[in-house]
Structure formats: C-alpha cells, structure tokens
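Student: What would the 3D arrangement of this be:
(4 chains)
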2 protein chains.
Amino acid sequence: MVAEDAAASVIEKKTSRSKTSRRVRLTQKAIVAAAADLFARNGFGATSLDEIAERLGATKGALYYHIKNKEDILRHIYLMVLTASEEPLAEIAAAPLPPAEKLGRAIVHHATVAANRSPAMTVFYREHPHLTGPFAREIVVRKKVYERYFEQIIEEGQAAGVFSRAIDAKIATFGLLGMCNWLSQWYQPDGPYTHQQIAAMFVRM
Amino acid sequence: MVAEDAAASVIEKKTSRSKTSRRVRLTQKAIVAAAADLFARNGFGATSLDEIAERLGATKGALYYHIKNKEDILRHIYLMVLTASEEPLAEIAAAPLPPAEKLGRAIVHHATVAANRSPAMTVFYREHPHLTGPFAREIVVRKKVYERYFEQIIEEGQAAGVFSRAIDAKIATFGLLGMCNWLSQWYQPDGPYTHQQIAAMFVRM
DNA sequence: TGACAATTTGAACAACTGGTAGAAACATAC
DNA sequence: GTATGTTTCTACCAGTTGTTCAAATTGTCA
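Tutor: Numbering: from 1, shown residues only, chains lettered A, B, ... in the order given. Take a look at the predicted model:
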C-alpha cells in the first residue's frame, strides 16, 4: 500500500506538470542523493533507473544526460563519502595533540560521518562488489589509507604508553570502525542521543 | 571475459554430463549454501537463480523442486543464522555466572558466529529489505530479542557495580555488536589471529 | 524576436529476470 | 522386466532491466 501511495503521488506530479507545462530540473547531485537513498533501502542491484527517475519526477532517459551509466552513480556516491571523510581525518592525525585526544576526535569525526551521510554510508559499506575496473581498486586503497590513520594514532598512543599494548592496533582499529559503521544501521537522528553523545560513549569504551 | 569463460565451462559440464549420462544431486542445504555465497558476493537483487543453479551444476528448473521461490532461499539463510545464534546465547544469559564472565562468553559466541557463517552473516545484515510479509516482521523481533540479551547482561553488570554506568546499556550493546558484525567484513580465517583471540581482545576493550 | 545550445522526452532495443509446465531421466520395489 | 514415485531437464512466458537515440522542448542571449 505504501508503494501504491508513492505511485499515486507520482501520477499527481506528472499530471500537474503537464498542466503547468513545466519539466523537472535535474542535477547530478540530486540524482546521486536520490539514488543513495534508494540503494540504501533496496540495494544497488534491486534498484532500477526507472525508480530513481520516478523519485525525481523525471524519466529514465533524462538521467543519461547527467550520468554515464548506473555504475557511474555508485561511483559518485563513493566519492562523496570519501571526500567528506578523508580530509578532516588527515588533519586530525597531523595535528599536534596527545594521542588520546586525537583518537577521541577521530572517533567523533567518523561517527559524525556515519550518522549524517547515513544512506550514502550504508551504500558505501554494502555495494562495493558492484564497482568494477580501476575505480574499484582505488576505493580499496583509499579505504585502507583511511583505516591506517586510526592504526597510526593507536600505535602512537601505545608508544607513548597511554594505550594498552595488550590489543593489536589493527584489531582495535577494526573494532572501533565497526562500532561507528554500525551506527548507520540503527542510528535515528530523533533518538534519545545525538551522534556526538554516542561518539563520546564510544571514546570512553 | 570472465562471464564467457564461465559460460564455456558450463557448456563443457553439460556435454560431459550428457556423455556420462549423470545428473547432479541437489539438496536444499546445498542450494542455500551456494546462494548465501553468491548473495554475499553480489547481493540478493543482483544474483539470478540461473547463477545459483550454474554454480551447483544444475538448472534453474531443478531448484524449484526444493525451494518455493527466490525469497524462500533468503528465508532459509536467515533461519540458519538465527538458529545458530539464538540458543547458545540464551544459555549463556541464563547461566549462573558473574556478569563480566557472561559478557565475555556472549562476545566470544557472537564473534564466532560472525566469523564462521561469514557469507550467511553478511547476507543477514544486508538483505533484510528483501524479506516481505510476516517473516520479515518475525526477523526484526528475533533480532531485537537477541540484542536484548546483551543489553540485559550489561544492565546486570551495571547493577552489580562491575560495569560503568557512564555508558547507556543500549549504546554499549550496539557498539559491541557493531565490532563483532564488522568481523564478517574483514576477517580471514588464515590471518594472524583466530576469531577467539580477536574476541578476547574485544572483551578487553 | 530568432538562433543556438542545453536539456528532456518517449519509444525502441536486446538481454535478462523469476517463474511454470511437461517431458525425460532416475531410483526403488516388486 | 515393469510400475511407481522422485528428481532434473528443456523450453517457454511475460515482465523488467540498462542503454541508446532522434525528436521535441526549454533556456539563453544577442
């Protein structure tokens, strides 16, 4: 019944469009945002270009003026997430701060990205098998670089004697990232805690 | 070219099969296992029944003798994961142990499931939107029950004064589960650590 | 206004999808 | 051997998919 309602509203849009004789203004950004939402909800393989176009009040053919193909949309989602994640983390890692403070800020940053870009983030950690060619390899590399920042901060802390050496830095990194990434699966902005509060609890852990 | 090779090998199989006049023996278990692997790799929506049949050296039509439809396969994967997860955790939660020991065992158990049933586990946390009807609701409920066990153990520990009250039990649960679930994304059985060792490190965290 | 570029449409396409029906191959018991 | 029930194969259907493209529409600016 939800699907029927959605379909009905689209028909409404279409008829009102033909009345006012106005067409929709598409942008690459809007396409990527709508697609991220649908990919997160239904998966890349199960989302059709028709659905994406429908949500934007346009037709499938129009999409191809702004994007190369379906995978191209996915590529843009990955670039979006990466550009929002990498730079701030690199700054934190390079800042002249004690390791504990660095780690805290890094976790807050990552949790913020996970909470804010929720749909894109969900896609990011789900649909990488659908990326092909050199771009797929690039993403793997950049993901590893990203993880490496956390690892280095933890190693720094261990060398300085503020973090326990009982836990391997790699495993600790995966554990921390796992906690944060899992956020995008359950976090609701209108819940009892903000993502900053949650990040603070993670830091304490 | 990969697809062509695969197609070629199938033709080979078919001809050799008709030569030796032997057909494949299918079981529901084998179908579900093969499907879990493909779903984990390519996603539910992007995996066709032809591919599943191909991997088993059979044809699509034969699958339908053992399963009701495509979603039915997904249902079996979910039941597999749940039956392997629920009972042991319930036992741990009910055992007369100190909360710290309970939590440790629960984490080890969950990490073990995440590491062992890796493909099924990946599917479990990815493809729930493709479950429909009452079964979908049942899964949500059983997932929540599962999480509730962890929450209760933590609350127990907080009441006994062994765990810090600074962290909300719900958030702590999501954090711990996040760490473990993330395992299925990166854990390799031939890596430097066993899943027990990793679980032990998580417990220490 | 008119001309030219930017944008959208709508139809067509080949390939593929989940699902079905009935014939064919098999195993088992007699 | 035949008869019977189980399992797999082949061939097909109707619907959907990503992608292309000429034609139609809109925006822009002289």
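Student: What residues does chain A have near chain B?
Tutor: Counting by C-beta under 8 Å from any C-beta of the partner chain, chain A comes close to chain B at A:41-47, A:125-127, A:129-130, A:164, A:166-168, A:171-172, A:174-183, A:185-186, A:193, A:198, A:201-202, A:204-205. Where C-beta positions appear, they are placed from N, C-alpha and C, glycine not excepted.
Student: now do 6 Å
Tutor: Selection of chain A residues close to chain B by C-beta under 6 Å from any C-beta of the partner chain yields A:42-43, A:45-46, A:126, A:129, A:166-167, A:171, A:174-175, A:178-179, A:182, A:186, A:198, A:201-202, A:204.
Student: ok, longest helix in chain A?
Tutor: Under DSSP state H, the helix in chain A containing the largest number of residues is helix A:133-160.
Student: average pLDDT for it?
Tutor: Helix A:133-160 carries an average pLDDT of 96.
Student: Can you mark which positions in it are buried?
Tutor: A:139, A:143, A:146-147, A:149-151, A:153-158 (16 or more other C-beta atoms under 10 Å in any protein chain shown).
Student: quick one on the thing from earlier: filter the residues of chain A next to chain B down to just the ones in helices.
Tutor: Using DSSP H, the residues of chain A next to chain B in helices are A:42, A:171, A:174-175, A:178-179, A:182, A:186, A:198, A:201-202, A:204.
Student: Output these in CSV; the columns should cover pLDDT, distance to B:L97 and neighbour count.
Tutor: Listed next are these as CSV, based on pLDDT from 0 to 100; distance: C-beta to C-beta, whole Å; neighbours: other C-beta atoms under 10 Å in any protein chain shown:
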residue, pLDDT, distance to B:L97, neighbour count
A:N42, 91, 42, 16
A:I171, 91, 25, 23
A:F174, 93, 27, 24
A:G175, 92, 24, 24
A:G178, 93, 26, 23
A:M179, 92, 25, 30
A:W182, 91, 26, 22
A:W186, 86, 28, 14
A:I198, 90, 29, 27
A:M201, 87, 25, 19
A:F202, 86, 26, 23
A:R204, 80, 25, 11
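Student: out of those, who's nearest B:A30?
Tutor: Distance to B:A30, by C-beta to C-beta, is smallest for A:N42 among these, at 28.0 Å.
Student: Count the residues that sit near the closest residue to the closest one other than its chain neighbours.
Tutor: Spatial nearest neighbour of A:N42, chain neighbours left out: B:P129 (5.6 Å); criterion: C-beta to C-beta, 6 or more residues apart in numbering or on different chains. Using other C-beta atoms under 10 Å in any protein chain shown, B:P129 has 14 other residues around it.
Student: where does chain A dip in pLDDT?
Tutor: A:1-24 (pLDDT under 70).
Student: what about 50?
Tutor: A:1-23 (pLDDT under 50).
Student: Close to DNA strand C: what parts of it are there?
Tutor: Residues of chain A lying near DNA strand C by C-beta under 7 Å from any atom of the strand: A:23-26, A:58-62, A:64-66.
Student: show me what contacts the residue most central in space within chain A?
Tutor: With distances taken as C-alpha atoms, centre = their mean, A:M121 lies nearest the centre of chain A, 2.1 Å away. Going by C-beta atoms under 6 Å, 6 or more residues apart in numbering or on different chains, A:M121 touches A:114, A:184.
Student: what about it, which helix or strand?
Tutor: helix A:118-124 (DSSP states H and E).
Student: Over to A:A58?
Tutor: Short version, using DSSP H and E: A:A58 is in no helix or strand.
Student: and it, backbone torsions?
Tutor: Main-chain torsions, A:A58, degrees, to the nearest 10: phi -130, psi -170.
Student: what about it, neighbour count?
Tutor: 20.
Student: how much space between it and A:I171?
Tutor: For A:A58, the distance to A:I171 equals 47 Å [C-beta to C-beta, to the nearest Å].
Student: try A:E127
Tutor: Computed as C-beta to C-beta, the A:E127 to A:I171 distance reads 26 Å.
Student: ok, now which ones touch A:D37?
Tutor: Residues in contact with A:D37 (C-beta under 6 Å, 6+ apart) are A:P119.
Student: which SSE is it in?
Tutor: In this structure, A:D37 sits in helix A:28-42 according to DSSP H and E.
Student: How about that helix and DNA strand D, touching?
Tutor: No - using C-beta under 7 Å from any atom of the strand, we find that helix A:28-42 stays clear of DNA strand D, coming within 9.8 Å at best.
Student: What are the buried residues along that helix?
Tutor: A:31-40, A:42.
Student: what's the following helix or strand after that helix?
Tutor: According to DSSP H and E, the helix or strand after helix A:28-42 is helix A:49-55.
Student: Please determine whether that following helix lies in contact with DNA strand D.
Tutor: Yes - contact of helix A:49-55 with DNA strand D (C-beta under 7 Å from any atom of the strand) involves A:49-51.
Student: can you redo these as TSV with distance to A:L82?
Tutor: Output for the residues of helix A:49-55 next to DNA strand D, formatted as TSV (distance: C-beta to C-beta, whole Å):
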residue	distance to A:L82
A:L49	24
A:D50	28
A:E51	25
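Student: among those, who's most crowded?
Tutor: For the residues of helix A:49-55 next to DNA strand D, neighbours tallied by other C-beta under 10 Å; top is A:L49, 18 neighbours.
Student: quick one: that residue and A:A58, what's the gap?
Tutor: According to C-beta to C-beta, A:L49 stands 10 Å off from A:A58.
Student: can you check A:A114 too?
Tutor: 30 Å.
Student: and if you look at A:Q185?
Tutor: According to C-beta to C-beta, A:Q185 stands 30 Å off from A:A58.
Student: how much space is there between A:M121 and DNA strand C?
Tutor: Using C-beta to the nearest atom of the strand, to the nearest Å, we find A:M121 at a distance of 27 Å from DNA strand C.
Student: tell me the contacts of A:A40?
Tutor: Neighbours of A:A40 in contact, by C-beta under 6 Å, 6+ apart: A:119, A:122-123.
Student: Which single one of those is nearest to A:Y78?
Tutor: Among the contacts of A:A40, A:V123 lies closest to A:Y78 (C-beta to C-beta), at 8.1 Å.
Student: Not including adjacent chain positions, what is the nearest residue to the closest one?
Tutor: Spatial nearest neighbour of A:V123, excluding adjacent residues (C-beta to C-beta, 6+ apart): A:F39 at 4.6 Å.
Student: Next: A:G178.
Tutor: The spatially closest residue to A:G178, leaving aside those adjacent along the chain, is B:W182, at 2.7 Å (C-beta to C-beta, 6+ apart).
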